[in-house]
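Novice: how would this look folded up:
(2 chains)
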Protein chains: 2
Amino acid sequence: MDYLASEPIWYTVLFMLTAVHLDTASHTPIYRQLSDHIRESIRSGNLNPGDRIPPTRELAGQLGLNRATIAAAYELLESEGWIKGHVGRGSFVQPWQNELTPISFASSRPSEELFPLDHFRTVCRQVLDGQDLGAILQLGSPFGYEPLRRWLIEDAFTSGISRGSDKVVITNGCQQALDLIARALIQPGDAVLVEDPVYPGLREAFSRSGARVIGVQVGEDGYRLDLLEHALRRDRPKLVLVTPSFQNPTGASLPLDARHRLIAIVRDAGALLVENAIYAGLRYEGAPLPSLKAMDETGETVQLGSFSKIAFPGLRVGWVLAPTRIAAALAETKQWCDLHSDQLSQAVLVRFAESGLLEQHRKRMIETGALRLAACLEACARHLPKTARFTRPQGGMNLWVTLPAPLDAAELLHRAEAVGVSYLPGRFFSATAEPGCLRLSFAGLNPGKIHRGVSLLGTLFKEELARARLAHHSQPALAMV
Amino acid sequence: MDYLASEPIWYTVLFMLTAVHLDTASHTPIYRQLSDHIRESIRSGNLNPGDRIPPTRELAGQLGLNRATIAAAYELLESEGWIKGHVGRGSFVQPWQNELTPISFASSRPSEELFPLDHFRTVCRQVLDGQDLGAILQLGSPFGYEPLRRWLIEDAFTSGISRGSDKVVITNGCQQALDLIARALIQPGDAVLVEDPVYPGLREAFSRSGARVIGVQVGEDGYRLDLLEHALRRDRPKLVLVTPSFQNPTGASLPLDARHRLIAIVRDAGALLVENAIYAGLRYEGAPLPSLKAMDETGETVQLGSFSKIAFPGLRVGWVLAPTRIAAALAETKQWCDLHSDQLSQAVLVRFAESGLLEQHRKRMIETGALRLAACLEACARHLPKTARFTRPQGGMNLWVTLPAPLDAAELLHRAEAVGVSYLPGRFFSATAEPGCLRLSFAGLNPGKIHRGVSLLGTLFKEELARARLAHHSQPALAMV
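Specialist: As a prediction, the model looks like this:
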């Protein structure tokens, strides 16, 4: 965009902007009403990238407002990236089609921009040119494509996760692993302990199979073990599901001693331990911790893995690493669900893994993820209301924000979406979450978008907080009613 | 294999063969005992391809048998493809690693040799080079990859199958479509009518969701409508599942008037009609018949389709075409099962379909299938016991054989496998099938293998029948006991 070449005529913009209706009786401050109007003019196409917006003096004069009010509106718009001031030349509408498309903190997925597409193409071409393409495209085993299973088993064995008495069942991502476990191992009425808050697909997979799904509160360090111990005694669960590293949605991880203790108390209660390890490979800082499956000397722990959090979630390839009898039960169930998983994707992914490209890509995802996590933590500290709390994960894709009362993240969502930012309210993950809770999935966004998105949210939340306080103070004292 | 170059020394073979233990007291004829021994010697590697077997005169002399007995054994082995006589040179063991690997009539799948791999590679490379590869590898919709859904909807609309008020949900093959329907639409205790005999994955999908699965007998013309009408009144089913064309396992198809009547009686009973159309595109002879979905003017029929019977079943792509509210319920259930189906395969298959390559391949499959069906019918007429019955499908992949009593297809299976042929006994498809029933899936085998396989089965069945009659006759009359 060459701003000089377009030579914008700011007074036509001035004329348009003076048509704004400003309501001095509103709880929304005037500068905010003005910035809303300008933003809407940009989004609707009445103002275009490159258009020069009027100098503060001129617009203040036309609207009969203080110049500081206009300047506050412009500053807000500039912090959100809609306009940009150039010394000596004025302020201009920024290009926004790509950069200001909605910023979504709502999905816990890797960024498409980071997919190693060229490597994917190379590996996929190798599969296409291979001798066994015909066999790959023929019906296969409910356990999955054998070369991929072998690679996963060997990888689990050499890294100390498996003790050699396990089998792998390939699933359509982790979601199907949860569904198969629920269908193969759970009878209606069986109790299942899950984290609270938790990814709703996990809860749903078990409740749809008739399980009594019981949430146990998660703190900064994962499961609160006192509550877990209580629930183990009280509910006699058949199965306990744990995400020990970078739990979705809180980002919390169980420390090493808590892992030891959790394994012991679940074993003592006679429940099956199922470890959701799909985020474990994405540690950005802090010392690595062993997985529950590696630590459990009985070898009975079932572990769920997936490629989807590192790359290519559209391929739907995950797996279960489990003792043979459990793996056999899952494969039998899978047969009646969908025979087996797509084999082309499995063949591509095993080559991706064998060639070292997967590990290379994981390292890149860790470098990128570290920057994104840092950006998100910094943006939260800078832009969110000072009384907001948020978790400080060391990896994964999500952090958990608790806004101060009386803010309600669900109620505020559509207003956030109106300024182009989305997230998932806490109630999506927990029936008992405070209304102020929400999940920010940061891993799919670059640091610039993270800053802009959190800044937009912060502005909204602070204003709403100010409005609520004002409304509270302007209420008549109860004694006077 | 150059037989002359290897210059086999038949008398070492003669020496080996005279070690055979022949039991004249056995019900198995001597020529058969001898051929069993020679076959086993080939399979075990004691005799090798190219080895010359002794002239009948020499072997008869050594064993003290009639030359005609030896000749009968050699003829049997030659008809099975194990040996071949060359005029003036003698008989030689045939190469068998590829040609005499087990002949499986057990799987209703397309032949791998017929997969259009070069076209697959071309189309797959186009997808890899396309602009939307990143989006294909990102998470998608539970309804499926949009371009594939659009193609399927348009195809259904232009061919008169859909009236425009339908939606498509992509599934992991037809098996997942059945599972989703069972989970989304059936409550425990609901009655579901299915064909008897029927593909067990269909029955299992419904019974695992707690349905009362009720089989209604299938004859040469599909569902027996008198029995279906009775079951509709008696069992008040929520859902009726129908495979109107080339049903698995019988190969039976509903004639046109029966289709009209079936739609009317199912509608009158207020049950949901689910049409399994996965074999419908594979008609080898006879006039095409409209699908139930096309005939049902209410538009309420749900239709299941799949690419897997035409090509590439390892890709696991099927679909449900259903009224919007049902499609929405299925997609919602699918989300909790596995989020969505693999998108790479969907992207490849839609290009395969759009480019016309799918239709071109289907035509080839029809030409090939017609030859295979004809070979199977001819081989059954020639080789099976004269009192055996078998269906005469006009398409699809399967026919249904009923052996005369007292033959038991399940009991005979391991003996069939010992001579290198497998099939599925009728009990696999029906709890009430006569013991003599079995399914022959012919579409995955070339005519040579079909002839050899049915010939081997025919020999076994006839012998067993003769043995049974002999045993029956040699029993003392009951009055004399």
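Novice: Excluding covalently adjacent residues, which one is nearest to the residue in the stretch 351-481 of chain A positioned nearest to chain B?
Specialist: Nearest residue of the stretch 351-481 of chain A to chain B: residue A:444, at 9.4 Å (Cβ to the nearest Cβ). Placement of C-beta: from N, CA and C, glycine included. Leaving aside its chain neighbours, residue A:444 sits nearest to residue A:111 (4.6 Å; criterion: Cβ to Cβ, 6 or more residues apart in numbering or on different chains).
Novice: With residue A:461 instead?
Specialist: Per Cβ to Cβ, 6+ apart, closest to residue A:461 is residue A:385, 5.5 Å.
Novice: just the angle between the helix or strand encompassing residue A:181 and helix B:173-185, please?
Specialist: In this assignment (DSSP states H and E), residue A:181 forms part of helix A:173-185. Helix A:173-185 and helix B:173-185 are oriented at 70 degrees to each other (axes from the mean of the first three to the mean of the last three Cα atoms, to 10 degrees).
Novice: For the stretch 1-150 of chain A, which segments are assigned as helices?
Specialist: Secondary structure of the stretch 1-150 of chain A (DSSP state H, counting those that start in this stretch): helices at A:3-6, A:10-17, A:30-44, A:56-63, A:67-80, A:117-129, A:133-137, A:146-158.
Novice: Redo those helices as CSV? Include mean pLDDT and distance to chain B.
Specialist: Listed next are those as CSV, based on pLDDT from 0 to 100; distance: least, Cβ to the nearest Cβ, whole Å:
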stretch, mean pLDDT, distance to chain B
helix A:3-6, 36, 29
helix A:10-17, 70, 36
helix A:30-44, 83, 24
helix A:56-63, 88, 42
helix A:67-80, 87, 26
helix A:117-129, 96, 5
helix A:133-137, 95, 4
helix A:146-158, 96, 13
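Novice: got CSV for these, with mean neighbour count too?
Specialist: Shown next, in CSV, are the helices of the stretch 1-150 of chain A (neighbours: other Cβ atoms under 10 Å in any protein chain shown):
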stretch, mean neighbour count
helix A:3-6, 12
helix A:10-17, 16
helix A:30-44, 19
helix A:56-63, 17
helix A:67-80, 19
helix A:117-129, 17
helix A:133-137, 20
helix A:146-158, 17
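Novice: for those helices, which one sits closest to residue A:243?
Specialist: Residue A:243 sits nearest to helix A:146-158 of all the helices of the stretch 1-150 of chain A, at 18.1 Å, using Cβ to Cβ.
Novice: circling back to that earlier point, other residues contacting the helix holding residue A:181?
Specialist: Applying Cβ atoms under 8 Å, 6 or more residues apart in numbering or on different chains, the external contacts of helix A:173-185 come out as A:169, A:171, A:192, A:201-202, A:205-206, A:208-209, A:211, A:238-239, A:272, A:274, A:276, A:278, A:302, A:304-306, A:308, A:313, A:316-320, A:326, A:329-330, A:332-334, A:337, B:208, B:336-339.
Novice: Now do the buried residues in that helix.
Specialist: For helix A:173-185, a neighbour-count test (16 or more other Cβ atoms under 10 Å in any protein chain shown) marks A:173-185 as buried.
Novice: And stretch A:323-332, by the same measure?
Specialist: Of the residues in stretch A:323-332, those buried (16+ other Cβ under 10 Å) are A:323, A:326-331.
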